[in-house]
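K.L.:
Kindly return the folded structure for what I paste below:
(2 chains)
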Amino acid sequence: MARTDPKKDVVIVGLGWTGSIMGIELAKEGLEILALERGPERSTVPDFQYPNVIDELKYGIRFGFMQKPRNSTITVRRNVDETALPMRKLGSFLPGDGVGGAGIHWNGQTWRPMANEYNLRSYVIENFGEDAIPDGMTIQDWGVTAEELEPYYDRFEYMAGIAGQAGNIQGEIIPGGNPFEAPRSRDYPMPPLPEQTDSRMFREVAGQMGYHPFPRPSANASIAYTNEYGMQLGPCNFCGFCERYGCLNYSKSSPQTCILDALRRYDNFSYRVNSEVLRVDLAVDGRTATGVTYWDEEAQEEVIQPADLVILAAYQLHNVHLMLLSGIGEPYNPASGEGVTGKNYSYQMNGGTTLFYRDVEFNPFAAAGSSGVSIDDFAINQIDFGAEGFIGGSYITAGLSNGQPIRGISLPRGTPSWGAGWKQGIGEYYGHAMSIGSHGSNLSYQDCYLDLDPNYTDRHGRPLMRMTFDWKPNDIRMTQFMRARIEEIAQEMGADSWQSSFKSEGARYDIRPYQTTHNVGGAIMGTDPNTSAVNRYLQAWGQHNVFVLGAGAFPQNIQYNPTGAVGALAYWAAEAIVNDYLPNPRPLV
Amino acid sequence: MPPKIPHTTRRLFLGSSASAAVLAGLPIRAQTPAEPDISLEDYTPEFLDAAEWAFILAATARIIPSEGEGPGALETRVPVFIDRQLAGDFGAAVDLYMEGPFVADADPFLGTQSPLTPAEVYRQAIPAFDAWCERTQGAGFGALAPEVQDAALQALADGETDLAPELRDFWALLLQNTKEGYFADPMYGGNAGMQSWIYIGFPGARANFLEWVGRDEVYPMGPVNIAGERA
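P.N.:
Predicted structure coming up:
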């Protein structure tokens, strides 16, 4: 049975970062807006308050703020010949649910991509020739430039309150910042966070080696701050419970700390929790959306919610799932390379080296989520792809983000994982290890994509989405290059011992250990409706009143954490809707 | 999972006046590491039967033994933690996707594919592993000498104990749950007296270290738990 509710001007699917940004920007225009959030209500008080949130078992291990696979999951296979199986419990990545979405439980690293990441395909062809792109690699240009997006990064960073040190202000290189970054119009809104011992040690050695260390840009506040919406942040107290937790201290940028209380003051905006959108409803001719149908958990019924404008603002995986279920864009076919929805799913290629020091007290529990020091000397715009034999890049970084013991205590290789040797090891090495990580690009490939699974269904009877993904030689060569650079640094750092963990030749995707919640692609933006799912304003090519926000728009993954780009694109799309679309609803391209 | 009011940990042991102080937000200075009110021998498990309880006592005592520096699984009451986890949402797999078809012998990289809940895995794997011990070592696990127990657990870890594919996650579960019980907040039944936190130097739920950032010095304060007790 279904009920039909009164029509809204706008329905927003998901109330995380992008739904909140779009919500408040459209609410200012006086539109009647309803946001539908599949998960529960979440506020700093009571959901993140001290001391209950300082519970590693409940939130860090049992994933209290994450989506439950019983309610929502995907199937996974490594190639088109395997039968995909369901991800029955969370591991590799941790999508959130509830108000705030993944915006509550991130660490807060907030980057801008390098300028050449937006036109990667053109950049490679222009500088290294078309032959530099291996068979099966399907990288594309975004259809926007760093210059065009700069004001929207600036807006997001000043709204969220990012702590950092600029490296390039309008072309002037600023000492202490990242000299390789694209020009920014002004400095970060907050100074960098205080520096931890591991970060200081890395910064000193990297600087001595001629690299250019700079503080990691962080969405953990370093000072008291009020943003454009009147929302207030207080300085981070380094509680050591950041990623996987909501912030108890109003210090981590999130929809709760930066937008939602301001948004709730608009009478023309409302939202419903425990309301999972099942599909976008299309007009008979398929050329526009008429609204959405969602499951009202409280009423235990389906609800048809008509709307003039539909904003998909769920997590990347769920936006793509809804598009596939609703017939938005032709599903991608890996055999022919045709179709667009689900195309170019990509992930993140990371690695790391752990260094042990019996005589250094790192105190890893005294941590912010994203404090730390990085170098970008091996960024994607600093590498000769022709000479090195791969396309891509990484930032290299140190910065302990927590000291939670169940999540793992680094022990020297050879230490048993249980028994007397393990117990002795944790006593000797807790607080005496640091790591240097590489966080790198993952490019897109013809056979890495998302579609609907033929065998498994969710609690609403909908097909699960199927992910086909594996690691590829190009990206493994990239991470091995980073390994060599990091080990050169490790050699200089004077550790008692060190050990590395990087993907090597033949590595397969393992869904069990946590890697990163940086799932991108599948709803990629571009300039050609035959090769992209949305246009450069994130508007669906085939249904002009559907906009698809989030990291699904990335045609391949950048070498950075995605939230900065996700936020900038949301403001970019919001401005296009307000200034260009609302006065004359139509395809903007 | 909702934290139940534990009935065998310090909170009740401290008595109603101490509990009232916790509720009032007053700091409580704990005495020595916990003297549990009910010994493990007298504890009545919520989920595990007598044979399973005996196995968990014996196995966790080898996974985190008492000998050497630092507390073992038994002193920290890890078996109580495991019993409660199996009795609750974790044991019942309430968060997991449990729809078929199940391919229990799939490539492990694709994650657990067992049709069994964690509680069912324990229930079926304990007698299966015990039977393997009898067959190959001449006695059930609990009756073996410690070094033979260690060898048997290593065989279990290496997947060499003939467990059915749907039980193959048993070792990973047992090891993970043992470490969870060792390090989790004491309100879940393990980490009695915050002994594991004291041992490694983790300050627990203090959650405020701004003035300690960048100081290469031993942090001087002992841990605090979520109930506000200090150790």
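K.L.:
Correct me if wrong: residue B:95 contacts residue A:67.
P.N.:
No. Proximity of residue B:95 to residue A:67 does not meet the contact threshold set by Cβ atoms under 8 Å, at 9.2 Å. Just so you know, the C-beta spots here come from the backbone N, C-alpha and C atoms, and that holds for glycine as well.
K.L.:
Neighbours of the residue of chain B at minimum distance from chain A, how many?
P.N.:
Nearest residue of chain B to chain A, counting by Cβ to the nearest Cβ: residue B:209, 3.4 Å away. As a burial measure, residue B:209 scores 21 neighbours (other Cβ atoms under 10 Å in any protein chain shown).
K.L.:
Next, the residue lying closest to it once chain neighbours are set aside: phi, psi?
P.N.:
Sequence neighbours aside, residue A:366 is the residue nearest to residue B:209 in space, at 3.4 Å (criterion: Cβ to Cβ, 6 or more residues apart in numbering or on different chains). Backbone torsions for residue A:366, taken as degrees, to the nearest 10, come to phi -90, psi 80.
K.L.:
can you list the weak-confidence ranges in chain B?
P.N.:
In the predicted model of chain B, residues B:1-37 satisfy pLDDT under 70.
K.L.:
Which residue would you name as the spatial centre of chain B?
P.N.:
Central residue of chain B (Cα atoms, centre = their mean): residue B:181, 2.8 Å from the mean position.
K.L.:
what distance separates stretch A:133-142 from the centre of its chain?
P.N.:
21 Å (Cα atoms, centre = their mean, to the nearest Å).
K.L.:
Going by neighbour count, which residues in that stretch are buried?
P.N.:
Buried residues in stretch A:133-142, counted by 16 or more other Cβ atoms under 10 Å in any protein chain shown: A:133, A:137-142.
K.L.:
Pull the number of nearby residues for residue B:42.
P.N.:
9.
K.L.:
Strands of chain B, start to end?
P.N.:
B:28-29, B:229-230 (DSSP state E).
K.L.:
so what does the last one touch, helix or strand wise?
P.N.:
The contact analysis (3 or more Cβ pairs under 8 Å, 6 or more residues apart in numbering or on different chains; DSSP states H and E) places strand B:229-230 against strand B:28-29.
K.L.:
For residue 67, give me its contacts.
P.N.:
Since you didn't name a chain, this refers to chain A. A:39, A:73, A:90, A:95-97 (Cβ atoms under 8 Å, 6 or more residues apart in numbering or on different chains).
K.L.:
my question was about chain B
P.N.:
Here residue B:67 is in contact with residue A:420 (Cβ under 8 Å, 6+ apart).
K.L.:
Touching, the residue of chain B closest to chain A and residue A:371? I think so.
P.N.:
No. Checked against Cβ under 8 Å, the pair residue B:209 and residue A:371 is beyond contact range at 11.6 Å.
K.L.:
residues shared between the contacts of those two?
P.N.:
Joint contacts of residue B:209 and residue A:371 (Cβ under 8 Å, 6+ apart) are residue A:238.
K.L.:
what does the top helix by length along chain B rub up against?
P.N.:
Ranked by residue count and defined by DSSP state H, the top helix of chain B is helix B:118-137. Contact with helix B:118-137 is made by B:47-48, B:51-52, B:55, B:85-87, B:90-93, B:114, B:116, B:139-141, B:144, B:148, B:152, B:155-156, B:161-164, B:166-167, B:169-170, B:173-174, as judged by Cβ under 8 Å, 6+ apart.
K.L.:
Report the buried residues of that helix.
P.N.:
Neighbour-count burial for helix B:118-137 [16+ other Cβ under 10 Å]: B:118-126, B:129-130, B:132-133, B:137.
K.L.:
Near residue 44, how many other residues are there?
P.N.:
Answering for chain A, as no chain was given. Using other Cβ under 10 Å, residue A:44 has 21 neighbouring residues.
K.L.:
The chain in question should be chain B.
P.N.:
When neighbours are counted by other Cβ under 10 Å, residue B:44 registers 10.
K.L.:
One more: residue A:484?
P.N.:
Residue A:484, neighbours per other Cβ under 10 Å, totals 10.
K.L.:
which stretch of helix or strand covers it?
P.N.:
Using DSSP states H and E, residue A:484 falls within helix A:473-492.
K.L.:
Can you give me the buried ones in that helix?
P.N.:
Neighbour-count burial for helix A:473-492 flags A:474-479, A:481-483, A:485-487, A:489-490 (criterion: 16+ other Cβ under 10 Å).
K.L.:
can you check stretch A:302-309 too?
P.N.:
Taking 16+ other Cβ under 10 Å as the neighbour-count basis, stretch A:302-309 is seen to contain the buried residues A:302-303, A:305, A:307-309.
K.L.:
So which residues on the stretch 301-450 of chain A come close to chain B?
P.N.:
A:360-363, A:365-367, A:371, A:403, A:405-406, A:409, A:417-420, A:422-424, A:426-427, A:430-431 (Cβ under 8 Å from any Cβ of the partner chain).
K.L.:
do that again at 7 Å, thanks
P.N.:
A:360-361, A:363, A:365-366, A:403, A:405-406, A:418-420, A:423-424, A:426-427, A:430-431 (Cβ under 7 Å from any Cβ of the partner chain).
K.L.:
For the residues you listed, which ChimeraX command selects only the ones that are buried?
P.N.:
Here is the ChimeraX selection string for the buried members of these, based on 16+ other Cβ under 10 Å:
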select /A:360,361,363,365,366,403,405,406,418,419,420,423,424,426,427,430,431
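K.L.:
Next step: the residues of the stretch 301-450 of chain A next to chain B restricted to strands.
P.N.:
Per DSSP E, the subset of these in strands is empty.
K.L.:
Select from the residues of the stretch 301-450 of chain A next to chain B every entry located in helices.
P.N.:
Using DSSP H, these in helices are A:419-420, A:423-424, A:426-427.
K.L.:
got a markdown table for these, with pLDDT and distance to residue A:584 too?
P.N.:
Formatted as a markdown table, those follow (pLDDT from 0 to 100; distance: Cβ to Cβ, whole Å):
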| residue | pLDDT | distance to residue A:584 |
| --- | --- | --- |
| A:419 | 98 | 71 |
| A:420 | 98 | 74 |
| A:423 | 98 | 69 |
| A:424 | 98 | 71 |
| A:426 | 98 | 64 |
| A:427 | 98 | 69 |
